[in-house]
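**Q** Please find the sequence and the predicted model below.
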Number of protein chains: 2
Amino acid sequence: MLNDNHWFTEVYPKHGSALSIEVKAKLHEEQTPFQKIEIYDTASFGKLMVIDGCTMVSTFDNFLYHEMMTHPVLYTHPAPKTVWVIGGGDCGSLREVLKHPEVESAVQIEIDEGVTRLAEQYFPELCASNNDPRAQLLFIDGIQWVKDAADHSVDIIIVDSTDPVGPAEGLFNEAFYRQCLRCLRPDGILAQQSESPLFHLDLIESMHGTMKAAGFASTRTLFFPQFIYPSGWWSGTLAGKGDLTAFREQDARDRPFATRYYNADIHRAAFVAPEFFREALG
Amino acid sequence: MLNDNHWFTEVYPKHGSALSIEVKAKLHEEQTPFQKIEIYDTASFGKLMVIDGCTMVSTFDNFLYHEMMTHPVLYTHPAPKTVWVIGGGDCGSLREVLKHPEVESAVQIEIDEGVTRLAEQYFPELCASNNDPRAQLLFIDGIQWVKDAADHSVDIIIVDSTDPVGPAEGLFNEAFYRQCLRCLRPDGILAQQSESPLFHLDLIESMHGTMKAAGFASTRTLFFPQFIYPSGWWSGTLAGKGDLTAFREQDARDRPFATRYYNADIHRAAFVAPEFFREALG
């Protein structure tokens, strides 16, 4: 039943498990120069985008990931004026960033234009802010962009990438983090999706070490549910030039936009580490 | 691939999705007077117990559920001496309850002795406290037990049941909650597993209303990840005779036992409701 054309299945081979989403139709399949992208219409999750066999975004539950990859880092920064989103081709993170009136410029640097073109067609709500005058969409290599950028030119860098294999591999190493650090202004923060606390604890541990080795003063991981990602539990990791424990709590409470998951109390709660995580990170 | 004998698959038909666990062997299958129980040896999750086709407990990730169904309610109660676990036949909740030195008596009331006998065989670590002199294991109907019990005879009732269909259906209604309220001493708390915030929001909303209608003064839901349950995100709901916002924080910090997920900060964080949940519950 689960391997006929009524289901899309992603197997997590290292973790002896698999998630299947019931599909009504495959709407599109395309091999770009970078990856294979599929779009499905599903029974319960709205549209589903799959990249190289991995579920990336669904209409139903993307609010969890997009809100948690943006609002916590933006409200942690004292005055975020300039934001880069590396990856993030579905434009959902860009949309959330632009909900912050303090942001004067947001640049999305996605290597694969195909992702954005398909998002515009199948996830138009995620692309609602693509024409915001503060937005700039570039389809170039994010690693090269950061290398070429001027010192102290950005407040927040959000790395909204695929898993650390294939095109995204170079976004998880010390050389990249050093370049990010160089580009960030004082108080600058790098925020990166950091996989599952249950399945990829080693990776998260190693990210903290590498970010510190690159020169960041502090690092912090936040946790949130995300059903369509491996283990149903996901994380983002922040690396800051300064302290990351305070946040603009009153601004988060008075935020001038609606959210579905994030609020000021969730902000604080999301950064609380489970006991096994604390022990692993010493 | 996912419907051959290398995989156990649970379909969530109302939510167009399915979870598969890779299995090495089916170790046992049994139809008890109440339900069908299967035990698998899995590739990555240790042993897996399945009841009526639904994943119940795995060696790998049961710590999340068992810790979060017990320690938050026990540290919320000012002085828990007597605890009943309704259901909970795998004995994992009983074991966690008995880690609290304040507890003088813990009674597990599981309708299906078959669950406990199989847990003793395949999840012996969960049954480690079954011979604790403070423990009593009964294999009778929990609804009848509560009906027959004396007024003000217990401090905490934990309902660790299957989904609200079949044998567990009668554990989710006002008549049952009224009986629980009657049995609870002042400061008494009922804690019940309350399904997925993402998939079963209506049920959780209705539980709060029914608990209040039964006479409880306050209700609160806590959230935690649980990969092998539908949506990978689960909840427990507490109903108290008194206020539920305070907890014995210093005791939770100084707890004389190890945990893997729970700690005093997780306690506070787990009770924080996402924005959509706040809105739904007014």
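**A** Arrived safely. Numbers count the residues shown, from 1 in each chain, chains lettered A, B, ... in the order given.
**Q** Spell out, range by range, the helices that occur in chain A.
**A** Counting by DSSP state H, chain A has helices at residues A:62-68, A:71-76, A:92-97, A:113-122, A:142-148, A:174-183, A:201-213, A:249-253, A:264-270, A:275-280.
**Q** Look at the residue of chain A found nearest chain B and say how many residues are nearby.
**A** Residue nearest to chain B within chain A (C-beta to the nearest C-beta): A:Gly232, separated by 1.8 Å. For every residue, glycine as well, the C-beta is placed using N, CA and C. Counted with other C-beta atoms under 10 Å in any protein chain shown, the neighbours of A:Gly232 add up to 27.
**Q** so what's it closest to, chain neighbours aside?
**A** Of all residues not flanking A:Gly232 in the chain, B:Gly232 sits nearest, at 1.8 Å (C-beta to C-beta, 6 or more residues apart in numbering or on different chains).
**Q** So that neighbour sits against A:Trp234, correct?
**A** No - judged on C-beta atoms under 8 Å, B:Gly232 makes no contact with A:Trp234 at a distance of 9.5 Å.
**Q** on that earlier part again, list the contacts of the residue of chain A closest to chain B.
**A** A:Pro225, A:Gln226, B:Pro225, B:Gln226, B:Phe227, B:Ser231, B:Gly232, B:Trp233 (C-beta atoms under 8 Å, 6 or more residues apart in numbering or on different chains).
**Q** hey, which strand is longest across chain A?
**A** strand A:17-31 (DSSP state E).
**Q** Do any residues in it lie close to chain B?
**A** Yes - interface with chain B: strand A:17-31 contributes A:Ser17, A:Ala18, A:Leu19, A:Ser20, A:Ile21, A:Glu22 (C-beta under 8 Å from any C-beta of the partner chain).
**Q** Tell me the pLDDT of A:Gly166.
**A** Per-residue confidence (pLDDT) for A:Gly166: 74.
**Q** coming back round to it: drop anything exposed from the residues of strand A:17-31 next to chain B.
**A** A:Ser17, A:Ala18, A:Leu19, A:Ser20, A:Ile21, A:Glu22 (16 or more other C-beta atoms under 10 Å in any protein chain shown).
**Q** Next, format those residues as CSV and append distance to B:Arg248 and pLDDT.
**A** Formatted as CSV, these follow (distance: C-beta to C-beta, whole Å; pLDDT from 0 to 100):
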residue, distance to B:Arg248, pLDDT
A:Ser17, 37, 97
A:Ala18, 41, 96
A:Leu19, 38, 97
A:Ser20, 43, 96
A:Ile21, 43, 97
A:Glu22, 45, 97
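**Q** what would these look like in a markdown table with distance to A:Arg278?
**A** Shown next, in a markdown table, are these (distance: C-beta to C-beta, whole Å):
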| residue | distance to A:Arg278 |
| --- | --- |
| A:Ser17 | 25 |
| A:Ala18 | 30 |
| A:Leu19 | 28 |
| A:Ser20 | 34 |
| A:Ile21 | 33 |
| A:Glu22 | 38 |
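**Q** Tell me the one of those nearest B:Gly114?
**A** Nearest to B:Gly114 among these: A:Ser17, at 26.2 Å, using C-beta to C-beta.
**Q** isn't the closest one right up against B:Thr55?
**A** No - in this structure, A:Ser17 is not within contact of B:Thr55 by C-beta under 8 Å, at 10.5 Å.
**Q** Report the set of residues contacting both of the two.
**A** If you check A:Ser17 and B:Thr55 against C-beta under 8 Å, 6+ apart, the residues they both contact are B:Leu19, B:Ile21.
**Q** Please parse chain A into its domains.
**A** A:7-58, A:62-280 (automatic domain parsing).
**Q** measure the longest one end to end?
**A** Start and end residues of domain A:62-280 are separated by 29 Å (C-alpha to C-alpha, to the nearest Å).
**Q** Could you do the first one as well?
**A** Between the opening and closing residues of domain A:7-58 we find a distance of 14 Å, counting by C-alpha to C-alpha.
**Q** Show me which residues of the stretch 51-200 of chain A are close to chain B?
**A** For the stretch 51-200 of chain A, the residues in contact with chain B (C-beta under 8 Å from any C-beta) are A:Asp61, A:Leu198.
**Q** again, only this time at 10 Å
**A** Within the stretch 51-200 of chain A, the positions adjacent to chain B are A:Ser58, A:Phe60, A:Asp61, A:Phe63, A:Leu64, A:Glu67, A:Ser196, A:Pro197, A:Leu198, A:Phe199 by C-beta under 10 Å from any C-beta of the partner chain.
**Q** So the fourth one sits against B:Phe276, correct?
**A** Yes - A:Phe63 is in contact with B:Phe276 according to C-beta atoms under 10 Å; the separation is 8.4 Å.
**Q** what do those two both touch?
**A** A:Thr259, A:Arg260, A:Tyr261 (C-beta atoms under 10 Å, 6 or more residues apart in numbering or on different chains).
**Q** Now render the residues you listed as JSON lines, adding neighbour count.
**A** Below are the shared contacts of A:Phe63 and B:Phe276 laid out as JSON lines (neighbours: other C-beta atoms under 10 Å in any protein chain shown):
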{"residue": "A:Thr259", "neighbour count": "19"}
{"residue": "A:Arg260", "neighbour count": "15"}
{"residue": "A:Tyr261", "neighbour count": "20"}
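**Q** Would you check which of these are in contact with chain B?
**A** Residues of the shared contacts of A:Phe63 and B:Phe276 in contact with chain B (C-beta under 10 Å from any C-beta): A:Thr259, A:Arg260, A:Tyr261.
**Q** Would you convert those residues into CSV that also reports pLDDT?
**A** Formatted as CSV, these follow (pLDDT from 0 to 100):
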residue, pLDDT
A:Thr259, 98
A:Arg260, 98
A:Tyr261, 98
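**Q** My guess is A:Thr221 contacts A:Trp233. True?
**A** No - using C-beta under 10 Å, A:Thr221 makes no contact with A:Trp233, being 11.9 Å away.
**Q** okay, the two: which has more neighbours?
**A** Remark: of A:Thr221 and A:Trp233, A:Trp233 carries more neighbours, 25 against 20, as counted by other C-beta under 10 Å.
**Q** okay, that one: pLDDT?
**A** Value for A:Trp233, per-residue pLDDT: 98.
**Q** In the sheet, which residues pair with the closest residue to it other than its chain neighbours? Tell me.
**A** Take A:Trp233 and drop its neighbours on the chain: the residue closest to it by C-beta to C-beta, 6+ apart is B:Pro225, 3.9 Å away. Beta-bridge partners recorded for B:Pro225 (DSSP bridges): B:Trp233.
**Q** show me what contacts B:Pro225?
**A** Neighbouring residues of B:Pro225 by C-beta under 10 Å, 6+ apart: A:196-198, A:223-226, A:231-234, A:274, B:61, B:64-65, B:68, B:231-234, B:261.
**Q** next one: A:Thr210
**A** A:Phe172, A:Asn173, A:Glu174, A:Ala175, A:Phe176, A:Tyr177, A:Arg178, A:Phe216, A:Thr219, A:Ala239.
**Q** follow-up on the earlier one: common neighbours of A:Thr221 and A:Trp233, please.
**A** With C-beta under 10 Å, 6+ apart as the test, A:Thr221 and A:Trp233 both reach A:Pro197.
**Q** From A:Leu171, how far out is the residue positioned nearest the centre of chain A?
**A** By C-alpha atoms, centre = their mean, chain A has its centre lying nearest to A:Asp160, at 3.1 Å. According to C-beta to C-beta, to the nearest Å, A:Asp160 and A:Leu171 sit 10 Å apart.
**Q** any idea how far the nearest residue to A:Ser153 once chain neighbours are set aside is from B:Asp141?
**A** Leaving aside its sequence neighbours, A:Ser153 sits nearest to A:Cys183 (C-beta to C-beta, 6+ apart; 5.4 Å). Distance, A:Cys183 to B:Asp141, by C-beta to C-beta: 65 Å.
**Q** So these two - more neighbours on which side?
**A** Neighbour count, other C-beta under 10 Å: between A:Cys183 and B:Asp141, A:Cys183 has more, with 23 against 16.
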